[in-house]
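A.B. asks: just coords:
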């Protein structure tokens with residue numbers, strides 16, 4: 001099957017195209033913004049793969065949580081391409097992909113949420129054991145029977161006795177995960193995002209309170 005996967009949930013853009021067992025993928029740091037980097041990268045990888053958008057079986061996108069603006073851009077691009085070519089969309093939570101990439105039977109996934117917080121959830125055998133929650137970095141707790149910490153800010157956290165993997169969501173891994181099953185396709189107009197946090201920035205007063213709190 002042929003898929004395009006898009007992740008714009010962090011400081012990088014990750015795109016992958018899979019044509020059966022052949023993968024074409026690239027990850028770039030965001031220099032000018034997610035919108036400027038994403039479409040040219042999609043076009044380049046489709047050209048490399050030798051297929052057009054209309055030949056895809058679906059478009060996979062990072063549902064979140066993650067960077068607010070990046071998520072909206074990625075979802076919007078996925079929706080636009082899917083509508084134009086009558087393709088289904090497959091949303092996948094970003095933390096699910098990091099858990100998959102870790103390869104660990106039991107893992108605590110963490111993703112930078114800014115404002116000194118992280119998005120986190122526990123996974124066993126690839127299945128989420130807890131909802132994705134928002135926690136302060138200094139208050140993160142990892143169950144004693146979970147030996148691995150993985151995510152894009154894992155190296156910055158203090159969790160004694162844990163194996164640490166610094167990982168960002170990788171678009172090719174989205175495709176491999178979807179091919180295992182368990183993620184439902186939706187119509188483009190029904191595509192949504194998983195924000196977790198409604199508030200995306202602190203006021204100046206709140207920033208000062210945190211500094212002195």
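C.D. replies: Everything's here; your move. In this text the structure is predicted, and so the values were computed from the model without any measurement. Residues are numbered from 1 along each chain as shown.

A.B. asks: tell me which residue is most central in this structure.
C.D. replies: Centroid-nearest residue in the chain, with C-alpha atoms, centre = their mean: residue 94, separated by 3.0 Å.

A.B. asks: wait, doesn't that one sit right on residue 60?
C.D. replies: No. Applying C-beta atoms under 8 Å, one finds residue 94 not in contact with residue 60, separated by 11.8 Å. (Glycine included, C-beta is placed from N, CA and C.)

A.B. asks: number of nearby residues for residue 53?
C.D. replies: 17 (other C-beta atoms under 10 Å).

A.B. asks: so the residue nearest to the centre of the chain versus residue 195, what's the distance?
C.D. replies: Separation of residue 94 from residue 195 (C-beta to C-beta, to the nearest Å): 11 Å.

A.B. asks: ditto for residue 128
C.D. replies: Going from residue 128 to residue 195 by C-beta to C-beta gives 17 Å.

A.B. asks: just the element for the nearest residue to residue 153 once chain neighbours are set aside, please.
C.D. replies: Nearest non-adjacent residue to residue 153, counting by C-beta to C-beta, 6 or more residues apart in numbering: residue 112, 4.2 Å away. Per DSSP states H and E, residue 112 falls inside strand 106-114.

A.B. asks: the bottom helix or strand of this structure by mean pLDDT?
C.D. replies: Ranking every helix and strand in the chain by mean pLDDT, DSSP states H and E puts helix 204-212 at the bottom, with a mean of 38.

A.B. asks: shared neighbours, residue 94 and residue 195?
C.D. replies: Counting by C-beta atoms under 8 Å, 6 or more residues apart in numbering, the common neighbours of residue 94 and residue 195 are 64, 65.
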